[in-house]
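Novice: mind looking at a prediction? Sequence and model below.
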Amino acid sequence: MIKPISSRFLWICDVNNSGRSIALITAGILLSGGYFLLNDPSEKPWTQDETKTLESLWIGNLGQPPIDMSNAVATNSNAAKLGQKLFFDPRLSLNGQVSCSSCHQQARQFADGKAKGSAIGEVQRNTPSIVGSAYSPWFFWDGRKDSLWAQALAPLEHKLEHGGNRMAYIRFISSDEIYRSMYQELFGSLPDISDPVRFPDNAAPGDDIEWNRAWQAMTIADQHIITRVFSNLGKSLAAYERLLVPQPSRFDYYIEAEFRNDSSRQQSLFSPDEKLGLRLFIGKAGCINCHNGPLLTNNEFHNTGIVSSIGETPDKGRVEGARLVQADPFNCAGMYSDAKADDCAELRFMRSGPGLIGAMRTPSLRNLKGTAPFMHKGQVEYLSQVLDHYNRAPEAMIGHNEAEPLGLNDRELLQLEKFLNTLSSPVSAVIPSP
Amino acid sequence: MTLEPDFGKRWRFVGWLLRCFVLFSVFLAQAMASNDIPFQRIGADHYEVRFDSRLKPIVINKILFWVMYVKTKDGLCVKGLEITVDGGMPEHLHGLPTMPLVRPGKNDCEYLVEGLRFHMAGRWELKFRIKAGDKTDILTISLDL
């Protein structure tokens, strides 16, 4: 006869049958423990397809940055030396205190650890790391520049960043013996700018009324002479920045151990939670959709419903960036580019239009640890908050949030965060011998 | 000396046949699963279309250039077709990251599809609108990356 449930329960707890009860409970614990041990998800080996996916993220597959046809000195080591010197030189600024490295700090993965970049003043957006940026066809959060050199020029003349003007920079380079020599070795003679009527002390197109007036008073030919030298400074800066690439991280060593089927090495490299986080990254959480390739970015533009910075209207993002890059005199098809029109495929086939409202460039996930706060305005302070945002996928303030809620629990979010922290590594910046 | 047939030789032969069959099946399965083989579809009404990618295998995050070979069902080339292309990932509800263009190629059968790019792994769908005079055919192809 089958006993009612309550009496069966009592039978297990019956003090008169305590020996049998203990044995049963122990067996239950052992069985369930055995079940969890045998089915421990962190012990599950990677399938062939998963290993292939992991290989696609491996830094060993990064290769050399794509050739920049718009920059004839992109791979010239003397240009990289000149660029490196310029990069760290605060004299290239209005107040003599701001260099590229003021915001792109070597000790902080070439970012600055602030919500918004600040130099002469505070700018509108977060400073992205420039490590590995030579692999991207687009620059800035909204992709308003299409080459590393065109990007490097913009802060030099931004009133809140370096705050200077191209005429003053050319004067400085011409007057400095070392720069003069390095420049001329690469690009030929610097122009004769000794005539103050033709070439004023300060002049540049842009916001500053005085400098703009002086610029407009120059002949088109003289403007072109100055802008040509200015663009060459950008190309040298790009030749240096191109060398900034991430070194292998713990994650990459883990993948290498997977290639060798070395599970004991893998266990010493990754905790069970980190492995489960990686499994979520390439699987259920779908992070790999946008964060793909060895730099964990597709360098494309996505609206992911990030809220605007407090007190600000939402950022238009790529829809504006696409318009700006098309009109940029320093773009790939422009007169200062070294490319032929056919070389500028990214620009020629660029998508624009309202579908890109609020879309921002996917950042690399390598070295996140040193680059908080996150997102285009530094709106999100902690990585856990970023993951929480993607887990909820709220409606976008403008445009359409492409992301869908992930449905991850707290444990999974933590595992994902732990995995993302395995992507930290030193940065290489070696200038090869000529 | 024996008059019994040599079953050993016969089984060895069958064994080799089986091995060849398995190898061929594996090869065929790989070829079918690969994303770099030219795919062929019949246009909705009029055309037979074949594609060839300059970059093989087709990978994500690179600008791609394809040659599109277009013939009528009777095997004739058609000059001056107006072809446009668009597409996206139906599962992710987004379009292509670029605006590819199609222009005439070296001969009347060839059209060049320029500026395609896929920025995510998964299933992509491309829609080619092929217009001749006032008649338009739409050709949809799927690609698993």
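Specialist: Okay, I see it. Numbers count the residues shown, from 1 in each chain, chains lettered A, B, ... in the order given.
Novice: could you use CA atoms for every contact and neighbour count after this?
Specialist: Fine.
Novice: return the residues of chain B in contact with chain A.
Specialist: Residues of chain B lying close to chain A by CA under 8 Å from any CA of the partner chain are B:61, B:63, B:92-94, B:97-101, B:115, B:119-121.
Novice: model confidence over stretch A:139-156, on average?
Specialist: Stretch A:139-156 carries an average pLDDT of 98.
Novice: mind listing what's buried along that stretch?
Specialist: A:139-153, A:155-156 (16 or more other CA atoms under 10 Å in any protein chain shown).
Novice: which of these fall within helices?
Specialist: Within the buried residues of stretch A:139-156, residues falling in helices by DSSP state H are A:148-153, A:155-156.
Novice: between those, which is nearest chain B?
Specialist: residue A:148 (17.9 Å; CA to the nearest CA).
Novice: touching, the closest one and residue A:134? I think so.
Specialist: Yes - judged on CA atoms under 8 Å, residue A:148 makes contact with residue A:134 at a distance of 6.5 Å.
Novice: ok, and what's touching stretch A:382-398?
Specialist: Stretch A:382-398 is contacted by residues A:303-308, A:314, A:316, A:357-358, A:372-374, A:380, A:401, A:403-408, A:413-414, A:417 when judged by CA atoms under 8 Å, 6 or more residues apart in numbering or on different chains.
Novice: mind listing what's buried along it?
Specialist: A:383, A:386-391, A:393-398.
Novice: need the contact list for the closest residue to residue A:300 other than its chain neighbours.
Specialist: Sequence neighbours aside, residue A:361 is the residue nearest to residue A:300 in space, at 5.3 Å (criterion: CA to CA, 6 or more residues apart in numbering or on different chains). Contact partners of residue A:361, counting by CA under 8 Å, 6+ apart, are A:140-143, A:299-302, A:318.
Novice: let me have those residues in CSV, extended by distance to residue B:136.
Specialist: Rendered in CSV, the data for the contacts of residue A:361 read as follows (distance: CA to CA, whole Å):
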residue, distance to residue B:136
A:140, 41
A:141, 40
A:142, 37
A:143, 36
A:299, 35
A:300, 32
A:301, 32
A:302, 32
A:318, 33
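Novice: just these now: which is nearest chain B?
Specialist: Nearest member of the contacts of residue A:361 to chain B, counting by CA to the nearest CA, is residue A:300, at 7.2 Å.
Novice: the closest one is in contact with residue B:96, isn't it?
Specialist: No - contact criterion CA under 8 Å: residue A:300 and residue B:96 do not qualify, at 10.6 Å.
Novice: who has more neighbours out of these two?
Specialist: residue A:300 (23 against 19; other CA atoms under 10 Å in any protein chain shown).
Novice: can you tell me how far that one is from residue A:365?
Specialist: Distance, residue A:300 to residue A:365, using CA to CA, to the nearest Å: 14 Å.
Novice: any low-confidence regions in chain B?
Specialist: The model of chain B has pLDDT under 70 over residues B:1-11, B:13-45.
Novice: can you pull out the strands in it?
Specialist: Ranges of strands in chain B, per DSSP state E, are B:40-42, B:47-53, B:64-72, B:82-89, B:94-95, B:101-104, B:110-116, B:123-132, B:135-144.
Novice: export the second one as CSV, just CAs?
Specialist: Extracted C-alpha coordinates of strand B:47-53, given in CSV (Å, rounded to 0.1, in the frame of the first residue of the first chain):
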residue,chain,number,x,y,z
TYR,B,47,17.2,34.9,-65.1
GLU,B,48,19.7,32.4,-64.0
VAL,B,49,22.2,34.0,-61.7
ARG,B,50,25.6,32.9,-60.4
PHE,B,51,27.9,34.7,-58.1
ASP,B,52,31.7,34.6,-57.6
SER,B,53,33.5,36.4,-54.7
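Novice: relative to strand B:64-72, how tilted is it?
Specialist: If you take axes from the mean of the first three to the mean of the last three CA atoms, to 10 degrees, strand B:47-53 sits at 160 degrees to strand B:64-72.
Novice: in its sheet, what does strand B:47-53 sit against?
Specialist: strand B:40-42 (antiparallel), strand B:64-72 (antiparallel) (DSSP bridges).
Novice: can you tell me which of the ones you listed is nearest to residue A:78?
Specialist: strand B:64-72 (33.0 Å; CA to CA).
Novice: how about the closest one as CSV, C-alpha atoms only?
Specialist: Output of strand B:64-72 as CSV, limited to C-alpha atoms (Å, rounded to 0.1, in the frame of the first residue of the first chain):
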residue,chain,number,x,y,z
LEU,B,64,33.6,42.4,-50.7
PHE,B,65,33.6,42.5,-54.5
TRP,B,66,31.5,39.9,-56.3
VAL,B,67,31.0,39.2,-60.0
MET,B,68,27.4,38.4,-60.8
TYR,B,69,26.8,36.4,-63.9
VAL,B,70,23.3,36.9,-65.3
LYS,B,71,21.8,34.9,-68.2
THR,B,72,18.2,34.3,-69.3
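Novice: tell me what the closest residue to residue B:53 other than its chain neighbours is bridged to.
Specialist: Spatial nearest neighbour of residue B:53, excluding adjacent residues (CA to CA, 6+ apart): residue B:66 at 4.3 Å. Taking DSSP bridges as the rule, residue B:66 bridges to residue B:53, residue B:113.
Novice: ok, now which ones touch residue B:66?
Specialist: B:51-54, B:112-114.
Novice: what of residue A:359?
Specialist: Contact analysis of residue A:359 by CA under 8 Å, 6+ apart lists A:142, A:301-304, A:316-319.
Novice: so which elements touch the helix or strand residue A:82 falls within?
Specialist: Assigned by DSSP states H and E, residue A:82 falls within helix A:77-87. Here helix A:77-87 touches helix A:177-187, helix A:220-241, going by 3 or more CA pairs under 8 Å, 6 or more residues apart in numbering or on different chains; DSSP states H and E.
Novice: would you put the C-alpha positions of the last one in PDB?
Specialist: Which is helix A:220-241. Backbone C-alpha positions of helix A:220-241 (Å, rounded to 0.1, in the frame of the first residue of the first chain) are rendered in PDB as follows:
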ATOM      1  CA  ILE A 220      43.800  79.400 -51.700                       C
ATOM      2  CA  ALA A 221      47.200  78.300 -52.900                       C
ATOM      3  CA  ASP A 222      48.800  79.400 -49.500                       C
ATOM      4  CA  GLN A 223      46.000  77.700 -47.600                       C
ATOM      5  CA  HIS A 224      46.700  74.600 -49.500                       C
ATOM      6  CA  ILE A 225      50.500  74.800 -48.800                       C
ATOM      7  CA  ILE A 226      49.800  75.000 -45.000                       C
ATOM      8  CA  THR A 227      47.100  72.400 -45.000                       C
ATOM      9  CA  ARG A 228      49.400  70.000 -46.900                       C
ATOM     10  CA  VAL A 229      52.000  70.200 -44.100                       C
ATOM     11  CA  PHE A 230      49.300  70.000 -41.500                       C
ATOM     12  CA  SER A 231      48.000  66.800 -43.000                       C
ATOM     13  CA  ASN A 232      51.500  65.400 -43.100                       C
ATOM     14  CA  LEU A 233      51.800  65.900 -39.300                       C
ATOM     15  CA  GLY A 234      48.600  63.900 -39.000                       C
ATOM     16  CA  LYS A 235      50.000  61.100 -41.200                       C
ATOM     17  CA  SER A 236      53.100  60.900 -39.000                       C
ATOM     18  CA  LEU A 237      51.000  60.700 -35.900                       C
ATOM     19  CA  ALA A 238      49.000  57.900 -37.600                       C
ATOM     20  CA  ALA A 239      52.200  56.000 -38.400                       C
ATOM     21  CA  TYR A 240      53.000  55.900 -34.700                       C
ATOM     22  CA  GLU A 241      49.400  55.200 -33.500                       C
END
